[in-house]
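Chemist: Fold the following, please.
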Amino acid sequence: MTVQRNIDVVEQLILWLEDNVTTESTIHFDNEERVDSATALAALTRLLPQYYSNQPFTERYLTVVVSTTHLNRYDEMTFTEELNNTHSRIAKRGAGYFLKLWETLENAKESQDFYLRLSKAVKEVIAEAIKQGAQCIEFDGDAQDNFVYKPSRVQIQ
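Modeler: From the prediction side, this is the model:
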């Protein structure tokens, strides 16, 4: 599911909950009947304040952070070369890099040769980040993470 689709689903859920509250629906979301529409709507309101207030920033940008240990020497060379590209997806920082992600993994694979030159390990990090709805990865020299790259045990020739 794309990020935009997730946003659409959440917006529809919020509208549905608002309707339930307005019509005093007796629908509950748990077996103990403690979570009704008003409770669910209140929780979403706290978690997604941009829908309920005039905040100056209505869009959020999810960044996942992983250690630079996922980058090999060739990945770092590819990132450095990409910095000079007019439409670069890379930003250098003191302890690592930011990588602006593609909306889907298919888009990444269809991109210029940048993605194709990355190691399998970095491609796996990218795939997982996109799967989790992130729009950016920060490769940080000080970061600690639990991501484990598991190379395929089967080699297809």
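Chemist: Could you pull out the helices in the protein for me?
Modeler: With DSSP state H as the definition, the chain shows helices at residue ranges 3-22, 37-47, 73-82, 105-110, 113-116, 120-131.
Chemist: Would you mind telling me which of those helices is nearest residue 148?
Modeler: Nearest of those to residue 148, taken as Cβ to Cβ: helix 120-131 at 9.2 Å. C-beta coordinates here come from the backbone N, C-alpha and C atoms, glycine included.
Chemist: in that closest one, what counts as buried?
Modeler: Buried residues in helix 120-131, counted by 16 or more other Cβ atoms under 10 Å: 121, 122, 123, 124, 125, 126, 128, 129, 130.
Chemist: now the last one, nearest residue through space, not along the chain?
Modeler: So that's residue 130. The spatial neighbour of residue 130 that comes closest, neighbours along the chain excluded (Cβ to Cβ, 6 or more residues apart in numbering), is residue 105 at 5.4 Å.
Chemist: pretty sure the one you found contacts residue 127?
Modeler: Yes: taking contacts as Cβ atoms under 8 Å, residue 105 lies within contact range of residue 127: 5.4 Å.
Chemist: what does the domain assignment say about this structure?
Modeler: Residue ranges for the domains of the chain, per automatic domain parsing: 3-51, 63-140.
Chemist: Name the stretch among those domains that sits most buried.
Modeler: The highest average neighbour count among these, using mean count of other Cβ atoms under 10 Å, belongs to domain 63-140 at a mean of 16.
Chemist: Give me the distance from it to the chain's centre.
Modeler: Chain-centre distance of domain 63-140: 13 Å, with Cα atoms, centre = their mean, to the nearest Å.
Chemist: Figure out the length between the terminal residues of it.
Modeler: End-to-end distance for domain 63-140: 12 Å, by Cα to Cα, to the nearest Å.
Chemist: pLDDT score assigned to residue 13?
Modeler: Among the per-residue scores, residue 13 shows a pLDDT of 83.
Chemist: roughly how far apart are it and residue 30?
Modeler: Counting by Cβ to Cβ, to the nearest Å, the gap from residue 13 to residue 30 is 16 Å.
Chemist: try residue 12
Modeler: Spatial separation of residue 12 from residue 30 under the definition Cβ to Cβ is 21 Å.
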